[in-house]
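1. have a look; sequence and predicted model below, questions after that.
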Amino acid sequence: MLIKASTIAVLLVVSGVTIGFSVGGNLSGPAQPIAFSHKIHAGDNQIGCLYCHTYARRSTVAGVPSVQLCMGCHRNVGQDKPEVQKLAAYWDQRVSIPWTRVYDMPDFVYFSHKRHVLKNVACQACHGPVQTMETVKKVGTLDMARCVNCHIQNNASIDCLTCHK
Amino acid sequence: MGNGIKRRDFLKIVGASSATAALVGCGEEPPEKLIPYLVPPENIIPGVATWYATVCRECPAGCGMVLRTREGRAVKAEGNSFHPVNRGKLCARGQASLQGLYNPDRIREPLVRKEGQFHPVSWNDAEARVAQALADLRRKEQSGSIAFMTSQLGGTLDRLTREWMTALGSDRRITYEPFSYEWLRAANKMTFGRDAIPTYDLEASKLIVSFGADFLETWLSPVAYARGLSAMRQYDGGQIGSFAYIGPRLSMTGANADQWIGTTPGTEVFVALGMLHLILAEKLGSELPGNERTELANLARPYKPDHVARVTGVSPEKLAQLARAFATETPSLALGTGVGAVTSNAAPTSIAINLLNYAVGNIGKTVRYGPDSAQTGLSTYDQVLALTEDMKQGKISVLFCYESNPVFSLPKSVGFEAALEGVPLVVSLSSYPDETMAAAADIVLPSHNFLEAWGDYSPAPGVYGLMQPVMTPLFETRAVGDTLLSLARRVRPDGSELQWPSFHDYLRHHWQAMQQELAPDMLFETFWEKALGQGGVWQDIESTDVQLIPEVFRTDFNPPALLGEEASLYLHLYPSLRLYDGRDANRSWLQELPDPMTNIVWDNWAEINRETAATLGVTEGDVVELTSPVGSIEIPVHVSDTIRADVVAVPLGQGHRDFGRYAAGRGPNPLDLLPAGSEPASTGVPYGSVRVRLIRTGKRHELVSTAGSVTQGKREIARAITLSELAAGGHPVAQPEVPQMYPTHDHPEHRWGMSIDLNACTGCSACTVACYAENNIAIVGKENVAQGRHMSWLQVQRYFEVDERKPDVRFVPMLCQQCDSAPCEPVCPVYATYHNAEGLNAQVYNRCVGTRYCSNNCPYKVRSFNWFEYEWPDPLQLQLNPDVSVRSKGVMEKCTFCVQRIREGKDRAKDENLPVQDGEIVPACAQTCPTQAIVFGDLQDPGSKVAELARDPRRYRVLEELNTQPAVTYLKKIKLEALLSKIISRT
């Protein structure tokens, strides 16, 4: 019997076999050095995701905003708030903020934010309603089943080499 | 299982424990940190490569280079396609320059020697000590006793070192290159009155005769010459250019020739003179002015074919054939002499070669003066010896050494190491723990690698390459120019000279002068930006006419004066394609790269002929003692059929005592056998000047070669076709209808394929190193290679055809054939390897469980298995390509046609909303191939180059009879029936 690559992928997903990795387990958000609220920024103030995650439409990685970018606004906004003061302290000491990673793709996965953003896949499709989150937490797991299911639904390639590098 | 554990119980325990291991392995890892930029750097987008142009400084050829950087670190070196020398290509050593930058044995901070040990010290303290010593000498008016030794620096740095020395009050500025080509300059001066090395146009030549010049390996500018040779040997209108190689050993360059004429070292001169005699006696050659023909005929008269046959062993028929071909197939080109032939008569030999070129009218056509090579700035060997003598006599107070390692690269008999004891202060500016530093440096001021520094390099007039730092320096090192300027400030605080804040300012100042000259209408900033972007500026240089100077007719052509017993073997030392003069020995890619001819890795060896070995009773791997009148070494023997029976050949480059973990302890240094060569006519390190006695020691040292066999047997892996067969339409290609067991694959969009032209492949192995760099391939070490655990995805296999006329050496780059009906695929129990819709045999690393069935079933043996977790000693891990997974223990890996580049190419095409264009996606091997033997593309696109080559009359596929349907098409090597076959085929 000849089994096509696509069939293999489907079989593996259907049978619930997830090989290799899962970014799963703890679904509550980790503690962060600054209690940054996506709800205030992306929700209440309607700041677009790409305003801070500037690389997402240009690169594989979305990028975490530089401290300089944060200070661009917070030089003038909210200086009285303790969390903003923490930010200013980092900036004054010329130290980067040691954020704790929420999503971590394994090193063997090729994932391009650019291709998804330019295809108008909403950020929330993978990251959930971030604009409502005080603390960012994982929504579900970013395992292969989730990727492949979405790719099948959207008629995107499910060749292994599309993502496995 | 005598102790009571039954087989089933044993398996249960093993099963349970491995399950536990698996659980632990798949558990949640602690969260990583995500550190943003404080201020985002300009020009860097994380995840997107940034390219910087610079100049390769691995040898004096000065090829243009571009560096791919990711997140601020260099990950891949490629040729700069704008650069006129190499036009986008690099050799194996150029590819490995990243291992110089990330070398784990680099000196990381300034050091001072106390009681024999090096101790770290601050830059301020280290410089203060040196400055103090220099100031003391000034006060005592002994500044003339300062000496500064470097390799060839070319450009503005060279100018700075000279101005710096002048400012200090000394003129002992020695530029020492072991391969100095001083004999060529001497010969050109004596022939044409020009102390220069001309441009050789191989492409325009119809016949090339190389007198020991290994121009595809190291001789002058190998990348440029490889391109020239492959162009002249391209099949065009029923013809190809021809090539004869004369020398004691068949080098890789010689292996590309149609004819090899074996001569004893130093007698090449008589072959050249014999040819000259015949050309003039038979009234061949070009019109010569005035009495030159008579004078030349008189000069060549003693070298009649019988005489030449007696002294060189070349038969009169062969000589006549060569001479006639050389005179009629014009423009032809005689090159030489090579580095290995430097004896007392190296300059006269090169004069004879000049006269040959002159007599048939090649000067001005294939040999052009004007656009000369930049080897002219070098010191003479005599100056190096004189410095050594002055050091011995205590006349040198301070010696600076930069990128020069004379303790290793000069013959031991010169006594440089002992002479260092007479120098009170030795300052090493080296970034590597070389022998000179280890032996004598008192203070080490480590310099940046060339990839971390500003600079420029001009390999020839009209070619001005600009160098820029491609990344932030890794360690507490400094650009050597900045160190010199800083020392100058300390020593002459009131002086007006050399008051530049940095070498960068000094460089820009001198480029302003260049802009005034080359582009006076342009704004300097525009000129500078343009030069940075394209890697330099170039202008055409007109060639100038040269005439013979009358003294040349009175040249003495003597046999070489060789040291050693009459009856013993000639010692032939030659530059290594992999390690050059030894400066590349601490690079694991190059140590593990099989030598193209012997396929030996990591070691050093003495090559002797099979008959000689039988007579002496030695076999491969027997350790012998080679003894010359000045020294002896113990070295294992490699037995071959491609060396004269009276010669023993040893490659240069190994034999390091220090220099780092990969270099040290890899056999003896053959330079221990050489005399100092200080006779008046010396024109360089006398590499070919001794005879040696060879004695068995009874010891063994296994040499590890990746060659499975010497010949290809009846497998027809490396095929050839004669020129006349090709002119008649080529071999018939049978395309039988073979029934398939499985349905064939659909390739709806692309089917990636490759074509490899064996007529163009020279065996240089640049592709192999490029593949290591691009694909994060692990180094396994000599012991593992011996076990067949070599990880290389692309190996240049070498086969000798013993039954036919020599030389017939075939090089076959062998990589995954991406079969359409791949034997590896159906045997994988976990679908880790499968056929994708674009024709690739995909390998999904994290699905692989390591059964190795695929490798067992692969007829091409191109899969490699990770038997261990291999290491990248710090900071080599920084070179790893982030677009390619690093494979771990237990995983099978193989060539992917650089799928990451395919992915990138398709991504770019999608951004531009265009289909992928032919030639846009280039795998690392094809990218660097100096002869463009490797072509990659889409076989589904009938207009693509690769599809066109797949229909070529020379096409074949390796082991096609197994019905694997490979995506790699090979093109047969073209063989000439004789050197004159073109003439025959024309009539």
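-> The structure has been received and is ready for your questions.
2. poorly predicted segments of chain A, please.
-> For chain A, the stretches with pLDDT under 70 are A:1-28.
3. likewise the stretch 751-900 of chain B?
-> Applying pLDDT under 70 to the stretch 751-900 of chain B flags the ranges B:802-807.
4. change it to 90
-> Applying pLDDT under 90 to the stretch 751-900 of chain B flags residues B:801-808.
5. residue B:648 against residue B:568, yeah?
-> No - the pair residue B:648 and residue B:568 fails to qualify as a contact (CB atoms under 8 Å) at a distance of 9.1 Å. Bear in mind the C-beta positions are built from the backbone N, C-alpha and C, glycine included.
6. kindly report the residues of the stretch 1-150 of chain B close to chain A.
-> Within the stretch 1-150 of chain B, the residues that sit near chain A (CB under 8 Å from any CB of the partner chain) are B:26, B:28-29, B:31-40, B:45-48.
7. got a list of contacts for stretch B:559-571?
-> Under the contact criterion CB atoms under 8 Å, 6 or more residues apart in numbering or on different chains, stretch B:559-571 has outside partners B:248, B:264-267, B:270, B:311, B:343-345, B:608, B:612, B:626, B:628-630, B:644, B:646-650, B:670, B:673, B:675, B:679, B:688-694.
8. inside strands: which ones of the residues you listed?
-> Using DSSP state E, the subset of these located in strands is B:608, B:626, B:628, B:647-650, B:691-694.
9. need the residues touching each of residue B:648 and residue B:568.
-> B:692, B:694.
10. who's more crowded, the two?
-> A direct count of neighbours by other CB atoms under 10 Å in any protein chain shown for residue B:648 and residue B:568 places residue B:648 higher, at 28 against 18.
11. give me the distance between the two termini of stretch B:283-299.
-> 15 Å (CA to CA, to the nearest Å).
12. in that stretch, what counts as buried?
-> Buried residues in stretch B:283-299, counted by 16 or more other CB atoms under 10 Å in any protein chain shown: B:284-286, B:288, B:292-293, B:295-297, B:299.
13. so which of these is the closest to chain A?
-> For the buried residues of stretch B:283-299, the minimum distance to chain A (CB to the nearest CB) is 59.6 Å, reached by residue B:286.
14. my guess is the closest one meets residue B:364, correct?
-> No - taking CB under 8 Å as the definition, residue B:286 is not a contact partner of residue B:364, at 10.5 Å.
15. strands of chain A, start to end?
-> Per DSSP E, chain A has strands spanning A:99-100. These are given in chain order.
16. just the helices from it, written as ranges.
-> In chain A, the segments counted as helices under DSSP state H are A:5-14, A:38, A:49-52, A:67-74, A:82-92, A:113-118, A:124-127, A:144-153, A:160-163.
17. interface residues of the stretch 751-900 of chain B facing chain A?
-> So far as CB under 8 Å from any CB goes, the stretch 751-900 of chain B lies against chain A at B:831, B:834-838, B:840, B:842, B:844-847, B:883-886, B:896, B:899-900.
18. which ones among those map onto helices?
-> Here DSSP H is the test, and these give B:899-900 as lying in helices.
19. could you pull up phi and psi at the residue in the stretch 251-400 of chain B that chain A sits nearest to?
-> Across the stretch 251-400 of chain B, the shortest distance to chain A (CB to the nearest CB) belongs to residue B:252, at 34.8 Å. As for residue B:252, its main-chain torsions (degrees, to the nearest 10) stand at phi -60, psi -40.
20. residues in contact with the closest residue to it other than its chain neighbours?
-> Nearest non-adjacent residue to residue B:252, counting by CB to CB, 6 or more residues apart in numbering or on different chains: residue B:596, 4.4 Å away. By CB under 8 Å, 6+ apart, the contact set of residue B:596 is B:252, B:255, B:577, B:763-765, B:796, B:798, B:811.
21. got those residues as a markdown table, with neighbour count and secondary structure columns?
-> Below are those laid out as a markdown table (neighbours: other CB atoms under 10 Å in any protein chain shown; DSSP: H, G, I helix; E, B strand; the rest coil):
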| residue | neighbour count | secondary structure |
| --- | --- | --- |
| B:252 | 21 | helix |
| B:255 | 23 | helix |
| B:577 | 28 | coil |
| B:763 | 22 | coil |
| B:764 | 28 | coil |
| B:765 | 28 | coil |
| B:796 | 24 | strand |
| B:798 | 25 | strand |
| B:811 | 24 | strand |
